[in-house]
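# Have a look; sequence and predicted model below, questions after that.
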Amino acid sequence: GWRERAAGHVELLVARRWNGERFTTLAKTSREVEVACRTPLDLMPLFTGRLPEAIAGRLVADLLSPSFWAERPVPTVAFDDPDFDPDAMWRGPVWLNVNYLLVEGLRRSGFAEVADELAVRTLRMVNDGGGLYEYWNPLTGGRASRATQGFGWSSALFLDLAATRARPRR
């Protein structure tokens, strides 16, 4: 029963939020309007592991495009979006928790190689960036100017990604 309900939710998600190119986010003002700003939230339906193959493939292609993919992916606002700011919270910096969810979603959706590459780039960013922070500047790989240091969930997720990478493959 739970699998049927999950499949039904994915069908609703696709029907209501897929516009043929990306999943949309709606802002509620006096009416619902589509948010133009491109963020990794557009890619999060991968986490379901249940998307139609063509849609999942389109999301992965978007992730791997220059909009989101670089030496230190994934910015919280697309690199080519006018609202991108590499140091402003939720306007461009890389958050380890966002990357972690995308790694899991890629694995669930059958894109293990892309998941592995995102995990490697995320771990390298942390190692090369001078430590564990709340978020990182995606252009420099260092601590974003207003990010706190020693952030708990970044630490926990870094350890989980590192342990997963260290396990032998079957």
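Done, it's in. Numbering: from 1, shown residues only.

# right, and residue 90 touches residue 75 too?
No: here residue 90 does not reach residue 75: they are 10.2 Å apart, not a contact under CB atoms under 8 Å. Every C-beta, even on glycine, is put in place using the N, C-alpha and C of the backbone.

# which one of these two has more residues nearby?
Neighbour totals were compared for residue 90 and residue 75, and residue 75 leads with 30 against 13 (other CB atoms under 10 Å).

# Give me the distance between the more buried one and residue 115.
18 Å (CB to CB, to the nearest Å).

# Same check on residue 35?
As for residue 35, its distance to residue 115 is 26 Å (criterion: CB to CB).

# Pick out whichever of these two has more residues nearby.
Neighbour count, other CB under 10 Å: between residue 35 and residue 115, residue 115 has more, with 21 against 12.

# does that one count as helix, strand or coil?
helix (DSSP: H, G, I helix; E, B strand; the rest coil).

# dump the residue contacts of it.
Applying CB atoms under 8 Å, 6 or more residues apart in numbering, we find residue 115 in contact with 102, 103, 104, 106, 107.

# other SSEs contacting the least confident helix or strand in the chain by mean pLDDT?
The helix or strand of the chain with the lowest confidence, counting by mean pLDDT, DSSP states H and E, is strand 26-28 at a mean of 80. Other helices and strands packing on strand 26-28, by 3 or more CB pairs under 8 Å, 6 or more residues apart in numbering; DSSP states H and E, are strand 32-34.

# so where's the chain shaky on pLDDT?
168-170 (pLDDT under 70).

# residue ranges of the helices in it, please?
Here the chain has its helices, by DSSP state H, at 2-17, 53-63, 96-108, 112-128, 152-166.

# want to try TSV for the ones you listed, with distance to residue 39 as columns?
TSV is the format used below for these (distance: least, CB to CB, whole Å):
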stretch	distance to residue 39
helix 2-17	13
helix 53-63	11
helix 96-108	9
helix 112-128	16
helix 152-166	19
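
# wait, which of those helices is closest to residue 40?
Ranking the helices of the chain by proximity to residue 40 (CB to CB) places helix 96-108 first, at 5.2 Å.

# I'd say residue 122 and residue 96 touch.
Yes: Residue 122 is within contact range of residue 96, at 6.4 Å (criterion: CB under 8 Å).

# residue contacts, the residue nearest to residue 45 when sequence neighbours are not counted?
Once flanking residues are discounted, residue 45 sits nearest to residue 23: 5.4 Å by CB to CB, 6 or more residues apart in numbering. Contact partners of residue 23, counting by CB under 8 Å, 6+ apart, are 13, 17, 41, 42, 43, 44, 45, 59.
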